[in-house]
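Visitor: Quick one, what's the 3D model for this:
(chains A and B)
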Amino acid sequence: MNTKNKEAHSDVEELLPWHAAGTLSRSDARRVEDALAHDPELARRYALVRDELGETIHLNETLGAPSAHAMEKLFAKIDAEPARKPAVSLNLGARVAEFFASFSPRTLAYAGGAAVLAILLQAGFIAGVMLKETKTTGYQTASAPSTDPGIGAFTLIRFAPQATQDDVTKFLAANKLSIASGPMAGGLYKVRVAVTGLPKAELATIVKKLQEDKVVTFIATTE
Amino acid sequence: MQVLFARHHVRVYRFVLRLVRNEATAEDLISDVFLDIWRQAGKFEGRSQVSTWILSIARFKALSVLRRRPEEELDEETAERIEDQSDDPETALAKKDTGALLRQCLTALSAEHREIVDLVYYHEKSVEEVAGIVGIPEATVKTRMFYARKKLSELLKEQGIDRGWP
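Guide: You can find the predicted model right below:
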(Lines give C-alpha, C1' and ligand atoms only; values in the text may rest on other atoms or scores of the structure.)
Protein backbone atom coordinates (compact mmCIF):
# COMPACT_ATOMS: atom_id res chain seq x y z
CA MET A 1 0.00 0.00 0.00
CA ASN A 2 1.54 3.32 -1.01
CA THR A 3 1.49 6.49 1.11
CA LYS A 4 -1.44 7.97 -0.77
CA ASN A 5 -3.51 4.84 -0.19
CA LYS A 6 -2.51 4.76 3.49
CA GLU A 7 -3.73 8.33 3.93
CA ALA A 8 -7.03 7.59 2.19
CA HIS A 9 -7.40 4.46 4.31
CA SER A 10 -6.80 6.43 7.50
CA ASP A 11 -9.38 9.05 6.47
CA VAL A 12 -12.03 6.37 5.96
CA GLU A 13 -10.94 4.56 9.10
CA GLU A 14 -11.52 7.70 11.15
CA LEU A 15 -15.12 7.72 9.96
CA LEU A 16 -15.86 4.13 11.07
CA PRO A 17 -17.28 5.07 14.52
CA TRP A 18 -19.81 7.45 12.93
CA HIS A 19 -20.64 4.89 10.28
CA ALA A 20 -21.39 2.33 13.00
CA ALA A 21 -23.55 4.89 14.84
CA GLY A 22 -25.37 5.79 11.61
CA THR A 23 -24.57 9.50 11.84
CA LEU A 24 -22.56 9.96 8.63
CA SER A 25 -23.83 11.94 5.66
CA ARG A 26 -25.10 9.84 2.75
CA SER A 27 -22.00 10.53 0.63
CA ASP A 28 -19.54 9.68 3.45
CA ALA A 29 -21.52 6.54 4.32
CA ARG A 30 -21.31 5.43 0.68
CA ARG A 31 -17.56 6.07 0.68
CA VAL A 32 -17.09 3.95 3.82
CA GLU A 33 -19.33 1.18 2.44
CA ASP A 34 -17.22 1.04 -0.73
CA ALA A 35 -13.99 0.88 1.24
CA LEU A 36 -15.37 -1.85 3.52
CA ALA A 37 -16.46 -3.91 0.54
CA HIS A 38 -12.96 -3.84 -0.96
CA ASP A 39 -10.74 -3.96 2.14
CA PRO A 40 -11.01 -7.04 4.41
CA GLU A 41 -8.64 -5.52 7.01
CA LEU A 42 -10.82 -2.41 7.25
CA ALA A 43 -13.89 -4.66 7.59
CA ARG A 44 -12.17 -6.47 10.48
CA ARG A 45 -11.45 -3.15 12.20
CA TYR A 46 -15.06 -2.12 11.63
CA ALA A 47 -16.11 -5.20 13.61
CA LEU A 48 -13.98 -3.86 16.52
CA VAL A 49 -15.75 -0.52 16.22
CA ARG A 50 -19.14 -2.23 16.39
CA ASP A 51 -18.03 -4.06 19.57
CA GLU A 52 -17.00 -0.72 21.10
CA LEU A 53 -20.34 0.81 20.12
CA GLY A 54 -22.30 -2.06 21.69
CA GLU A 55 -20.31 -2.03 24.92
CA THR A 56 -20.45 1.79 25.22
CA ILE A 57 -24.25 1.63 24.97
CA HIS A 58 -24.32 -1.25 27.47
CA LEU A 59 -22.09 0.67 29.88
CA ASN A 60 -24.20 3.83 29.69
CA GLU A 61 -27.49 1.96 30.03
CA THR A 62 -26.28 0.36 33.26
CA LEU A 63 -25.52 3.77 34.79
CA GLY A 64 -29.12 4.04 35.97
CA ALA A 65 -31.21 7.16 36.15
CA PRO A 66 -31.41 10.10 38.52
CA SER A 67 -33.87 9.94 41.41
CA ALA A 68 -37.15 11.85 41.44
CA HIS A 69 -35.40 14.24 43.79
CA ALA A 70 -33.57 15.82 40.80
CA MET A 71 -36.86 16.78 39.17
CA GLU A 72 -38.33 18.10 42.45
CA LYS A 73 -35.21 20.16 42.97
CA LEU A 74 -35.40 21.58 39.45
CA PHE A 75 -39.04 22.66 39.72
CA ALA A 76 -38.44 24.12 43.20
CA LYS A 77 -35.66 26.23 41.63
CA ILE A 78 -37.92 27.27 38.76
CA ASP A 79 -40.68 28.26 41.22
CA ALA A 80 -38.14 30.34 43.14
CA GLU A 81 -37.12 32.21 40.00
CA PRO A 82 -38.41 35.78 39.72
CA ALA A 83 -41.25 36.22 37.25
CA ARG A 84 -39.81 37.13 33.90
CA LYS A 85 -41.18 38.45 30.67
CA PRO A 86 -41.31 35.79 28.00
CA ALA A 87 -38.63 36.16 25.36
CA VAL A 88 -39.79 38.21 22.41
CA SER A 89 -40.08 35.96 19.41
CA LEU A 90 -39.64 37.34 15.91
CA ASN A 91 -41.90 34.64 14.57
CA LEU A 92 -45.34 36.25 14.24
CA GLY A 93 -47.11 32.89 14.09
CA ALA A 94 -45.49 31.76 17.32
CA ARG A 95 -46.36 35.05 19.01
CA VAL A 96 -50.01 34.82 17.95
CA ALA A 97 -50.18 31.18 19.08
CA GLU A 98 -48.58 32.12 22.40
CA PHE A 99 -51.05 34.99 22.86
CA PHE A 100 -54.08 32.76 22.30
CA ALA A 101 -52.61 29.98 24.41
CA SER A 102 -52.62 32.36 27.37
CA PHE A 103 -56.47 32.38 27.42
CA SER A 104 -58.72 29.77 28.97
CA PRO A 105 -60.84 27.64 26.59
CA ARG A 106 -64.03 29.38 27.80
CA THR A 107 -62.55 32.86 27.14
CA LEU A 108 -61.39 31.71 23.71
CA ALA A 109 -64.91 30.43 22.89
CA TYR A 110 -66.51 33.76 23.88
CA ALA A 111 -63.85 35.72 21.99
CA GLY A 112 -64.38 33.54 18.91
CA GLY A 113 -68.14 34.15 19.02
CA ALA A 114 -67.64 37.90 19.38
CA ALA A 115 -65.21 37.90 16.45
CA VAL A 116 -67.71 36.06 14.20
CA LEU A 117 -70.45 38.56 15.19
CA ALA A 118 -68.16 41.51 14.45
CA ILE A 119 -67.28 40.07 11.02
CA LEU A 120 -70.97 39.55 10.18
CA LEU A 121 -71.86 43.11 11.24
CA GLN A 122 -68.99 44.52 9.23
CA ALA A 123 -70.01 42.49 6.14
CA GLY A 124 -73.61 43.71 6.50
CA PHE A 125 -72.47 47.32 6.80
CA ILE A 126 -70.24 47.10 3.70
CA ALA A 127 -73.01 45.41 1.68
CA GLY A 128 -75.47 48.14 2.77
CA VAL A 129 -73.12 50.94 1.72
CA MET A 130 -72.46 49.34 -1.67
CA LEU A 131 -76.16 48.81 -2.42
CA LYS A 132 -76.93 52.40 -1.47
CA GLU A 133 -74.16 53.71 -3.76
CA THR A 134 -75.37 51.56 -6.64
CA LYS A 135 -78.89 53.02 -6.38
CA THR A 136 -77.77 56.63 -6.29
CA THR A 137 -74.72 57.08 -8.48
CA GLY A 138 -74.23 53.93 -10.53
CA TYR A 139 -70.86 52.45 -11.49
CA GLN A 140 -67.73 54.49 -10.85
CA THR A 141 -64.10 53.71 -11.43
CA ALA A 142 -61.98 53.55 -8.33
CA SER A 143 -59.40 55.85 -9.90
CA ALA A 144 -61.34 59.05 -10.39
CA PRO A 145 -64.93 60.20 -10.26
CA SER A 146 -66.52 60.31 -13.69
CA THR A 147 -67.39 63.66 -15.17
CA ASP A 148 -68.97 62.00 -18.18
CA PRO A 149 -72.57 63.11 -18.56
CA GLY A 150 -72.74 61.24 -21.88
CA ILE A 151 -73.16 64.40 -23.99
CA GLY A 152 -70.53 65.48 -26.54
CA ALA A 153 -67.95 63.86 -28.81
CA PHE A 154 -65.40 61.48 -27.26
CA THR A 155 -62.17 59.64 -27.99
CA LEU A 156 -60.24 56.97 -26.16
CA ILE A 157 -56.63 58.00 -25.61
CA ARG A 158 -53.61 56.21 -24.17
CA PHE A 159 -50.85 58.64 -23.26
CA ALA A 160 -47.18 57.88 -23.82
CA PRO A 161 -45.57 56.33 -20.70
CA GLN A 162 -42.76 58.91 -20.79
CA ALA A 163 -45.24 61.85 -20.99
CA THR A 164 -45.27 63.89 -17.80
CA GLN A 165 -48.37 65.22 -16.12
CA ASP A 166 -47.34 68.66 -17.39
CA ASP A 167 -47.11 67.38 -21.00
CA VAL A 168 -50.60 65.87 -20.76
CA THR A 169 -52.08 69.03 -19.18
CA LYS A 170 -50.56 71.20 -21.94
CA PHE A 171 -51.81 68.79 -24.62
CA LEU A 172 -55.36 68.83 -23.21
CA ALA A 173 -55.35 72.67 -22.88
CA ALA A 174 -53.91 73.26 -26.37
CA ASN A 175 -56.58 71.10 -27.97
CA LYS A 176 -59.41 72.19 -25.68
CA LEU A 177 -59.93 68.63 -24.42
CA SER A 178 -61.06 67.32 -21.05
CA ILE A 179 -60.82 63.90 -19.49
CA ALA A 180 -64.30 62.47 -19.00
CA SER A 181 -63.22 59.27 -17.24
CA GLY A 182 -60.29 56.98 -16.66
CA PRO A 183 -57.88 55.49 -16.44
CA MET A 184 -59.62 52.35 -17.66
CA ALA A 185 -58.20 48.96 -18.52
CA GLY A 186 -55.09 49.32 -20.67
CA GLY A 187 -54.41 52.83 -19.35
CA LEU A 188 -57.07 54.37 -21.60
CA TYR A 189 -58.80 57.68 -20.88
CA LYS A 190 -62.15 58.77 -22.27
CA VAL A 191 -61.48 62.30 -23.52
CA ARG A 192 -64.16 64.81 -24.55
CA VAL A 193 -63.19 66.62 -27.75
CA ALA A 194 -66.40 68.66 -28.11
CA VAL A 195 -69.32 69.50 -25.84
CA THR A 196 -71.77 68.58 -28.59
CA GLY A 197 -71.90 65.60 -30.92
CA LEU A 198 -69.80 65.85 -34.11
CA PRO A 199 -70.22 64.25 -37.49
CA LYS A 200 -68.06 61.13 -37.89
CA ALA A 201 -65.86 62.70 -40.60
CA GLU A 202 -65.11 65.75 -38.45
CA LEU A 203 -64.32 63.56 -35.42
CA ALA A 204 -62.01 61.42 -37.58
CA THR A 205 -60.11 64.52 -38.66
CA ILE A 206 -59.67 65.63 -35.04
CA VAL A 207 -58.48 62.13 -34.08
CA LYS A 208 -55.94 62.13 -36.93
CA LYS A 209 -54.61 65.51 -35.78
CA LEU A 210 -54.36 64.48 -32.12
CA GLN A 211 -52.63 61.23 -33.12
CA GLU A 212 -49.66 63.19 -34.38
CA ASP A 213 -48.89 64.55 -30.91
CA LYS A 214 -46.00 62.68 -29.23
CA VAL A 215 -47.99 62.57 -25.96
CA VAL A 216 -50.49 60.17 -27.58
CA THR A 217 -49.66 56.52 -28.25
CA PHE A 218 -53.17 55.36 -29.06
CA ILE A 219 -56.40 57.15 -29.99
CA ALA A 220 -59.77 55.97 -31.27
CA THR A 221 -63.26 57.40 -31.49
CA THR A 222 -65.87 56.26 -29.00
CA GLU A 223 -69.48 56.90 -28.07
CA MET B 1 -40.39 21.94 30.62
CA GLN B 2 -41.65 18.71 32.15
CA VAL B 3 -41.78 17.08 28.71
CA LEU B 4 -38.26 18.29 27.88
CA PHE B 5 -36.98 17.05 31.23
CA ALA B 6 -38.72 13.68 30.88
CA ARG B 7 -37.32 13.22 27.38
CA HIS B 8 -33.69 14.13 28.03
CA HIS B 9 -32.83 13.94 31.73
CA VAL B 10 -31.65 10.31 31.82
CA ARG B 11 -29.21 10.71 28.95
CA VAL B 12 -27.97 14.03 30.31
CA TYR B 13 -27.51 12.41 33.74
CA ARG B 14 -25.49 9.57 32.24
CA PHE B 15 -23.38 11.99 30.20
CA VAL B 16 -22.44 14.09 33.24
CA LEU B 17 -22.08 11.03 35.49
CA ARG B 18 -19.47 9.63 33.10
CA LEU B 19 -17.62 12.93 33.37
CA VAL B 20 -17.86 13.68 37.09
CA ARG B 21 -18.08 10.02 38.31
CA ASN B 22 -20.25 10.93 41.27
CA GLU B 23 -23.99 10.21 41.36
CA ALA B 24 -24.91 12.98 43.82
CA THR B 25 -22.92 15.56 41.85
CA ALA B 26 -24.49 14.33 38.61
CA GLU B 27 -28.00 14.70 40.09
CA ASP B 28 -27.24 18.22 41.28
CA LEU B 29 -25.86 19.03 37.87
CA ILE B 30 -28.91 17.97 35.89
CA SER B 31 -31.22 20.24 37.88
CA ASP B 32 -28.73 23.08 37.24
CA VAL B 33 -28.54 22.17 33.54
CA PHE B 34 -32.33 22.16 33.07
CA LEU B 35 -32.70 25.36 35.08
CA ASP B 36 -30.27 27.02 32.64
CA ILE B 37 -32.26 25.60 29.74
CA TRP B 38 -35.46 27.05 31.24
CA ARG B 39 -33.74 30.42 31.61
CA GLN B 40 -32.23 30.40 28.12
CA ALA B 41 -35.16 28.84 26.23
CA GLY B 42 -35.68 32.07 24.25
CA LYS B 43 -32.08 32.00 23.05
CA PHE B 44 -32.32 28.56 21.44
CA GLU B 45 -32.24 29.24 17.70
CA GLY B 46 -33.04 25.76 16.48
CA ARG B 47 -29.84 25.54 14.47
CA SER B 48 -28.94 22.30 16.23
CA GLN B 49 -30.87 19.45 17.79
CA VAL B 50 -32.28 20.20 21.26
CA SER B 51 -30.28 17.26 22.66
CA THR B 52 -27.04 18.73 21.24
CA TRP B 53 -27.80 22.09 22.84
CA ILE B 54 -28.59 20.45 26.20
CA LEU B 55 -25.44 18.31 26.10
CA SER B 56 -23.25 21.34 25.42
CA ILE B 57 -24.73 23.10 28.47
CA ALA B 58 -24.33 19.91 30.53
CA ARG B 59 -20.72 19.55 29.47
CA PHE B 60 -19.93 23.13 30.43
CA LYS B 61 -21.51 22.62 33.87
CA ALA B 62 -19.72 19.30 34.43
CA LEU B 63 -16.34 20.77 33.53
CA SER B 64 -16.96 23.70 35.90
CA VAL B 65 -17.61 21.20 38.72
CA LEU B 66 -14.49 19.23 37.80
CA ARG B 67 -12.41 22.42 37.92
CA ARG B 68 -13.72 23.19 41.41
CA ARG B 69 -13.25 19.61 42.67
CA PRO B 70 -10.68 19.34 45.48
CA GLU B 71 -7.49 17.40 44.98
CA GLU B 72 -8.62 14.59 47.34
CA GLU B 73 -11.52 13.72 45.08
CA LEU B 74 -9.24 13.60 42.07
CA ASP B 75 -7.04 11.19 43.99
CA GLU B 76 -10.10 9.07 44.72
CA GLU B 77 -10.78 8.96 41.03
CA THR B 78 -7.26 7.75 40.37
CA ALA B 79 -7.66 5.14 43.09
CA GLU B 80 -10.89 4.03 41.49
CA ARG B 81 -9.06 3.49 38.22
CA ILE B 82 -6.38 1.43 39.93
CA GLU B 83 -9.04 -0.67 41.68
CA ASP B 84 -10.74 -1.25 38.35
CA GLN B 85 -7.63 -2.95 37.09
CA SER B 86 -7.04 -5.16 40.14
CA ASP B 87 -7.16 -8.90 39.87
CA ASP B 88 -9.69 -9.89 42.55
CA PRO B 89 -11.74 -13.05 41.81
CA GLU B 90 -14.65 -11.01 40.48
CA THR B 91 -12.44 -9.11 38.06
CA ALA B 92 -10.67 -12.29 37.02
CA LEU B 93 -14.04 -13.75 36.10
CA ALA B 94 -15.00 -10.57 34.25
CA LYS B 95 -11.80 -10.82 32.25
CA LYS B 96 -13.13 -13.98 30.67
CA ASP B 97 -15.89 -11.87 29.25
CA THR B 98 -14.34 -9.61 26.60
CA GLY B 99 -17.39 -7.36 26.67
CA ALA B 100 -17.06 -6.74 30.39
CA LEU B 101 -13.36 -6.09 29.96
CA LEU B 102 -14.05 -3.66 27.15
CA ARG B 103 -16.53 -1.81 29.39
CA GLN B 104 -13.95 -1.73 32.16
CA CYS B 105 -11.42 -0.19 29.77
CA LEU B 106 -14.01 2.32 28.53
CA THR B 107 -14.36 3.44 32.16
CA ALA B 108 -10.60 3.74 32.49
CA LEU B 109 -10.25 6.18 29.59
CA SER B 110 -9.41 9.81 30.35
CA ALA B 111 -12.37 12.24 30.75
CA GLU B 112 -11.58 13.74 27.34
CA HIS B 113 -11.65 10.33 25.65
CA ARG B 114 -14.68 9.07 27.62
CA GLU B 115 -16.58 12.16 26.59
CA ILE B 116 -15.96 11.77 22.87
CA VAL B 117 -16.61 8.03 22.86
CA ASP B 118 -19.94 8.54 24.68
CA LEU B 119 -21.01 11.39 22.40
CA VAL B 120 -20.31 9.37 19.26
CA TYR B 121 -21.46 5.90 20.31
CA TYR B 122 -24.14 6.48 22.95
CA HIS B 123 -25.51 9.95 22.20
CA GLU B 124 -25.25 9.34 18.43
CA LYS B 125 -23.79 12.73 17.62
CA SER B 126 -22.33 13.48 14.20
CA VAL B 127 -18.81 14.89 13.70
CA GLU B 128 -20.31 18.38 13.34
CA GLU B 129 -22.46 18.06 16.47
CA VAL B 130 -19.55 16.76 18.58
CA ALA B 131 -17.48 19.69 17.34
CA GLY B 132 -20.26 22.05 18.48
CA ILE B 133 -20.65 20.45 21.91
CA VAL B 134 -16.94 20.12 22.72
CA GLY B 135 -15.94 23.34 20.97
CA ILE B 136 -13.19 21.92 18.75
CA PRO B 137 -12.74 21.72 14.95
CA GLU B 138 -14.30 18.77 13.12
CA ALA B 139 -10.87 17.44 12.09
CA THR B 140 -9.85 17.38 15.78
CA VAL B 141 -13.05 15.49 16.62
CA LYS B 142 -12.05 12.73 14.19
CA THR B 143 -8.45 12.49 15.40
CA ARG B 144 -9.49 12.64 19.08
CA MET B 145 -11.91 9.76 18.54
CA PHE B 146 -9.20 7.84 16.71
CA TYR B 147 -6.78 8.29 19.62
CA ALA B 148 -9.45 7.42 22.18
CA ARG B 149 -10.00 4.13 20.36
CA LYS B 150 -6.26 3.59 20.11
CA LYS B 151 -5.95 4.12 23.87
CA LEU B 152 -8.78 1.66 24.40
CA SER B 153 -6.86 -0.96 22.43
CA GLU B 154 -3.75 -0.29 24.52
CA LEU B 155 -5.74 -0.73 27.75
CA LEU B 156 -7.18 -3.97 26.44
CA LYS B 157 -3.70 -5.17 25.51
CA GLU B 158 -2.57 -4.47 29.08
CA GLN B 159 -5.42 -6.75 30.17
CA GLY B 160 -4.22 -9.47 27.83
CA ILE B 161 -6.47 -8.87 24.86
CA ASP B 162 -4.70 -8.02 21.61
CA ARG B 163 -7.17 -6.72 19.06
CA GLY B 164 -4.52 -6.58 16.35
CA TRP B 165 -5.07 -2.87 16.05
CA PRO B 166 -3.50 -0.35 15.88
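Visitor: make it CA atoms for all contacts and neighbour counts henceforth
Guide: OK.
Visitor: For chain A, give the residue positioned nearest to chain B.
Guide: Proximity to chain B, evaluated over chain A using C-alpha to the nearest C-alpha, is greatest for A:L74 at 4.7 Å.
Visitor: In three-state terms, how would the residue nearest to that residue when sequence neighbours are not counted be classified?
Guide: With C-alpha to C-alpha, 6 or more residues apart in numbering or on different chains as the criterion, A:L74 has its nearest non-adjacent residue at 4.7 Å, and that residue is B:S31. Secondary structure, DSSP: H, G, I helix; E, B strand; the rest coil: B:S31 is helix.
Visitor: how close does B:S31 get to B:V3?
Guide: 14 Å (C-alpha to C-alpha, to the nearest Å).
Visitor: okay, these two: which has more neighbours?
Guide: Per other C-alpha atoms under 10 Å in any protein chain shown, whichever of B:S31 and B:V3 has more neighbours is B:S31, with 24 against 8.
Visitor: ok now do that one, which residues does it touch?
Guide: A:A70, A:M71, A:K73, A:L74 (C-alpha atoms under 8 Å, 6 or more residues apart in numbering or on different chains).
Visitor: Could you list the residues in contact with whichever strand or helix holds B:F60?
Guide: Using DSSP states H and E, the element containing B:F60 is helix B:50-68. Here helix B:50-68 makes contact (C-alpha under 8 Å, 6+ apart) with B:8, B:12, B:15-16, B:19-20, B:29-30, B:32-33, B:36-37, B:125, B:129, B:132-134.
Visitor: Give me the buried subset of those residues.
Guide: B:8, B:12, B:15-16, B:19-20, B:29-30, B:32-33, B:36-37, B:125, B:129, B:132-134 (16 or more other C-alpha atoms under 10 Å in any protein chain shown).
Visitor: Figure out how far the host helix or strand of A:L203 is from the centre of its chain.
Guide: Assessed by DSSP H and E, A:L203 sits inside helix A:200-211. In terms of C-alpha atoms, centre = their mean, to the nearest Å, the gap separating the centre of helix A:200-211 from the centre of its chain is 48 Å.
Visitor: Give me the neighbour count for A:I219.
Guide: Around A:I219 there are 19 other residues, counting by other C-alpha under 10 Å.
Visitor: where's it, which helix or strand?
Guide: Using DSSP H and E, A:I219 sits in strand A:216-222.
Visitor: Check which helices and strands that strand is in contact with.
Guide: With contacts taken as 3 or more C-alpha pairs under 8 Å, 6 or more residues apart in numbering or on different chains; DSSP states H and E, strand A:216-222 sits against strand A:153-159, helix A:200-211.
Visitor: The longest one vs strand A:153-159, what angle?
Guide: Orientation check (axes from the mean of the first three to the mean of the last three C-alpha atoms, to 10 degrees): helix A:200-211 against strand A:153-159 gives 20 degrees.
Visitor: Tell me the buried residues in helix A:200-211?
Guide: For helix A:200-211, by 16+ other C-alpha under 10 Å, it's A:L203, A:V207, A:L210, A:Q211.
Visitor: Then stretch B:111-130?
Guide: For stretch B:111-130, using 16+ other C-alpha under 10 Å, the buried residues are B:113-130.
Visitor: quick one: contacts of that stretch?
Guide: Outside stretch B:111-130, the residues touching it (C-alpha under 8 Å, 6+ apart) are A:17-18, A:21-24, A:53, A:56-57, A:60, B:11, B:15, B:18-19, B:48, B:52, B:106-107, B:138, B:141-142, B:144-145, B:148.
Visitor: List buried residues within these.
Guide: The neighbour count (16+ other C-alpha under 10 Å) marks A:17-18, A:21-24, A:53, A:56, A:60, B:11, B:15, B:18-19, B:52, B:106-107, B:138, B:141-142, B:144-145, B:148 as buried among the contacts of stretch B:111-130.
Visitor: From those residues, which land in helices?
Guide: Per DSSP state H, helices hold the following members of the buried ones among the contacts of stretch B:111-130: A:17-18, A:21, A:53, A:56, A:60, B:11, B:15, B:18-19, B:52, B:106-107, B:138, B:141-142, B:144-145, B:148.
Visitor: State the distance from B:R21 to A:L53.
Guide: 21 Å.
Visitor: Equivalent analysis for A:D79, please.
Guide: 40 Å.
Visitor: next one: A:A173
Guide: Computed as C-alpha to C-alpha, the A:A173 to A:L53 distance reads 91 Å.
Visitor: for B:A108, same thing?
Guide: 16 Å.
Visitor: returning to that earlier point: now the helices and strands packed on strand A:216-222 as JSON lines including mean pLDDT and distance to B:L152?
Guide: Below are the helices and strands packed on strand A:216-222 laid out as JSON lines (pLDDT from 0 to 100; distance: least, C-alpha to C-alpha, whole Å):
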{"stretch": "strand A:153-159", "mean pLDDT": "87", "distance to B:L152": "85"}
{"stretch": "helix A:200-211", "mean pLDDT": "86", "distance to B:L152": "94"}
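Visitor: A:A123: how many residues sit nearby?
Guide: A:A123 has 11 nearby residues by other C-alpha under 10 Å.
Visitor: what does chain B put close to chain A?
Guide: B:5, B:9-10, B:13-14, B:23, B:27-28, B:30-32, B:34-35, B:38, B:42, B:99-100, B:102-103, B:106, B:117-118, B:120-122, B:124-127, B:142-143, B:145-146, B:163, B:165 (C-alpha under 8 Å from any C-alpha of the partner chain).
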